[in-house]
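Engineer: Below: sequence and its predicted model.
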Amino acid sequence: MIYCLNPDCRNPQNPDRINFCLTCGAGLVSLLRERYRVLNLLGTGGFGKTYLAEDTDTPSLRRCVIKQLKPIAHNPQIYQLVQERFQREAAILEQLGEENSQIPSLYAYFSVAGYFYLVQQWIDGQTLTQLVQQQVTLSESFVRVALKSLLLVLDEVHSKGIIHRDIKPDNIILSVRADLPVLIDFGAVKEVMGTELNSQGNLTSSIVIGTLGYMPSEQAAGRPVYSSDLYSLGLTAIYALTGKQPQQLNTDYTTGEILWHQYASNLSQDFIAVLDKAIRLHPRERYKSAKDMLDALQSGAVPIPSTTPPQPAVPNVRVSVPDNLSSDVGVDYTRLRNLLSSGNWKDADYETSLVMLEVVGRESGEWIEPKELLNFPCTDLRTIDRLWVKYSNGRFGFSVQKKIYLEVGGVPDGRFCEEAWDKFGDRVGWRVRGSWISYTLILSYTELHGSKAPRGHLPYSGAITRGFRYFFSRIETCKL
């Protein structure tokens, strides 16, 4: 299959080994710039198209995203200026991607036949829109954590004098690999494509960057400020919490403010107040910076250094039969026991990560390395596993997961068997339709289905995901 790269072509798919598009007659190339093979169309916008491609110059045929951009002006003088501005904006994108893992890396940029191209990192995951469409709405804890993570990204972006200008659910991807929300599709490059001469002969941009409903009035007027991004982010969070697009929300005809509280009866008042301030009509009434908004979020909840949901208050549960909470290194498992005994599976999973990090002497938000997993104290491992197995009635626990891994052909010696690992992921619900899902999606599924989640679904324990297969070896050694 060869894709026609004429952005105006209505049917760009063509069979192999032909030289001209069957629909529009444009010349075809099997490899863009003799390197990139276009696989399929990801999206179409006002400035061109976005493709999924593979890089034939890499041994792995690395997948990438190619953005094709089409200038609106055909004046050769303007084209040269657009080319210079495109180069400057591409350099900024490259810097942002190098410095922040939550912004796609820029691999290359070039122009061919009057069109401009960006080659960027492909993020394997789901957009916030796709996630909401699957689950209707997302929990407050889930959205809080994603919001904090994105505000850290915006704080860094704004510190460089850059405004994103198109934050919306479609432009936030929950990465499977990094388990972080990734911010895509910065608006500055698109603005360059709108460069033209006005009636006085001066260069101007004829288009407004942003999405109707998600951009505030000052941005629609062509004068975005830093808090314009916060407005868009606030409405994005409201969409995630309510399932309502901005156009579906009413407006107060007296103040012009957006009315959304009727869809948020289950949210905490401090969180509602933060979002209310972010989406104020006038910029001076919003947060002045991403850091100010982040501080407001932090003051209303326990700060969490990663994208894992914050810990709620644990109910004072009386356990009739005493549990063995032994630890070789003095770790207290009372909180984990109480969370499990109350059926709070999601937060028990997070607590499991915390206590396991404590056992090996690491801080919250870090990873446990494979060597540490292979030497994890058996006493502590048995304590954690017994608690999970007991309070889930044998449905969850490391020993349950080991049994499933052996059932699908895995061997508990640390050797990697991709087929067995994939089958294991399918069985426990960590892999859906052939793709591994992120920790945030696993937690969200757990919150929806609780103890009805697949056998072995928990504990996921994000702290050990880098070496889970090595962990089975330790489980076997400790005779769980």
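Structural biologist: Great, that's in hand.

Engineer: Hmm, residue 48 and residue 66 touching each other?
Structural biologist: No: with contact defined as Cβ atoms under 8 Å, residue 66 does not reach residue 48; the gap is 10.0 Å. (C-beta placed from N, C-alpha, C; glycine too.)

Engineer: Give the residue from those two that has the larger number of neighbours.
Structural biologist: Neighbour count, other Cβ atoms under 10 Å: between residue 66 and residue 48, residue 66 has more, with 25 against 22.

Engineer: Look at that one and report its pLDDT.
Structural biologist: Looking at residue 66, its pLDDT stands at 95.

Engineer: Doesn't it belong to a strand?
Structural biologist: Yes: the assignment for residue 66 (DSSP: H, G, I helix; E, B strand; the rest coil) places it in a strand.

Engineer: separation between it and residue 5?
Structural biologist: 9 Å (Cβ to Cβ, to the nearest Å).

Engineer: Overlap in contacts, those two.
Structural biologist: 32, 38 (Cβ atoms under 8 Å, 6 or more residues apart in numbering).

Engineer: Can you list the residue ranges for strands in the stretch 101-250 of the chain?
Structural biologist: Ranges of strands in the stretch 101-250 of the chain, per DSSP state E, counting those that start in this stretch, are 106-112, 115-121, 125-127, 172-175, 181-183, 195-197, 203-205, 250-251.

Engineer: name the helices or strands packed onto the last one?
Structural biologist: Counting by 3 or more Cβ pairs under 8 Å, 6 or more residues apart in numbering; DSSP states H and E, the packing neighbours recorded for strand 250-251 are strand 258-259.

Engineer: and the strand it packs on, what other elements does it pack with?
Structural biologist: Strand 258-259 makes packing contacts with strand 250-251 when contacts are defined by 3+ Cβ pairs under 8 Å, 6+ apart.

Engineer: mind listing what the strand it packs on pairs with, with the direction of each?
Structural biologist: strand 258-259 (antiparallel) (DSSP bridges).

Engineer: Off-centre distance for the partner strand?
Structural biologist: Mean-position distance between strand 258-259 and its chain equals 27 Å (Cα atoms, centre = their mean, to the nearest Å).

Engineer: What average pLDDT does it get?
Structural biologist: 94.

Engineer: Check stretch 88-102 too.
Structural biologist: 89.

Engineer: got a list of what residue 138 touches?
Structural biologist: Here residue 138 is in contact with 131, 132, 240, 241, 444 (Cβ under 8 Å, 6+ apart).

Engineer: What does the pLDDT read for it?
Structural biologist: 85.

Engineer: same question, residue 341
Structural biologist: 90.

Engineer: Kindly report the same for the one 5 residues further on.
Structural biologist: Listed pLDDT for residue 346 reads 84.

Engineer: The one 5 residues further on now?
Structural biologist: According to the model's per-residue confidence, residue 351 sits at a pLDDT of 89.

Engineer: is it true that residue 184 touches residue 106?
Structural biologist: No: Residue 184 is beyond contact range of residue 106, at 11.7 Å (criterion: Cβ under 8 Å).

Engineer: Going along the chain, name the strands of the stretch 351-480 of the chain.
Structural biologist: 431-432, 435-436.

Engineer: Reformat those as CSV; add distance to residue 176 and mean neighbour count.
Structural biologist: Output for the strands of the stretch 351-480 of the chain, formatted as CSV (distance: least, Cβ to Cβ, whole Å; neighbours: other Cβ atoms under 10 Å):
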stretch, distance to residue 176, mean neighbour count
strand 431-432, 10, 16
strand 435-436, 5, 14
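
Engineer: follow-up on the earlier one: quick one, which of the strands of the stretch 101-250 of the chain gets closest to residue 18.
Structural biologist: When the strands of the stretch 101-250 of the chain are ranked by proximity to residue 18, the top entry is strand 106-112, at 19.5 Å, counting by Cβ to Cβ.

Engineer: Partner strands of the closest one and their direction?
Structural biologist: strand 115-121 (antiparallel).

Engineer: who's in contact with the partner strand?
Structural biologist: 5, 7, 32-33, 36, 48, 53, 55, 64-71, 82-83, 86, 90, 93, 97, 104-111, 189, 193.

Engineer: which residues does the spatially closest residue to residue 108 that is not a sequence neighbour form a beta bridge with?
Structural biologist: Spatial nearest neighbour of residue 108, excluding adjacent residues (Cβ to Cβ, 6 or more residues apart in numbering): residue 119 at 4.1 Å. Going by DSSP bridges, residue 119 is paired in beta bridges with residue 66, residue 108.

Engineer: Let the chain start at 52 from now.
Structural biologist: I'll keep to 52 as the first residue from here, and by that count the last item is residue 170.

Engineer: and the angle from the one helix or strand residue 142 maps to to strand 166-172?
Structural biologist: Using DSSP states H and E, the element containing residue 142 is helix 127-150. In terms of direction (axes from the mean of the first three to the mean of the last three Cα atoms, to 10 degrees), helix 127-150 departs from strand 166-172 by 0 degrees.

Engineer: which parts of helix 127-150 are buried?
Structural biologist: 129-130, 132-133, 136-137, 140-141, 143-145, 147-148 (16 or more other Cβ atoms under 10 Å).

Engineer: ditto for stretch 184-194
Structural biologist: Using 16+ other Cβ under 10 Å as the test for burial, stretch 184-194 gives 186, 188, 189, 190, 191, 192, 193, 194.

Engineer: Same check on stretch 274-293?
Structural biologist: 275-293.

Engineer: just the helices in the stretch 302-451 of the chain please.
Structural biologist: Here the stretch 302-451 of the chain has its helices, by DSSP state H, counting those that start in this stretch, at 320-329, 341-350, 385-392, 396-410, 421-425, 429-442, 449-458.

Engineer: mean pLDDT for the ones you listed: which is lowest?
Structural biologist: Looking at the helices of the stretch 302-451 of the chain, the bottom one is helix 421-425 with a mean of 79.
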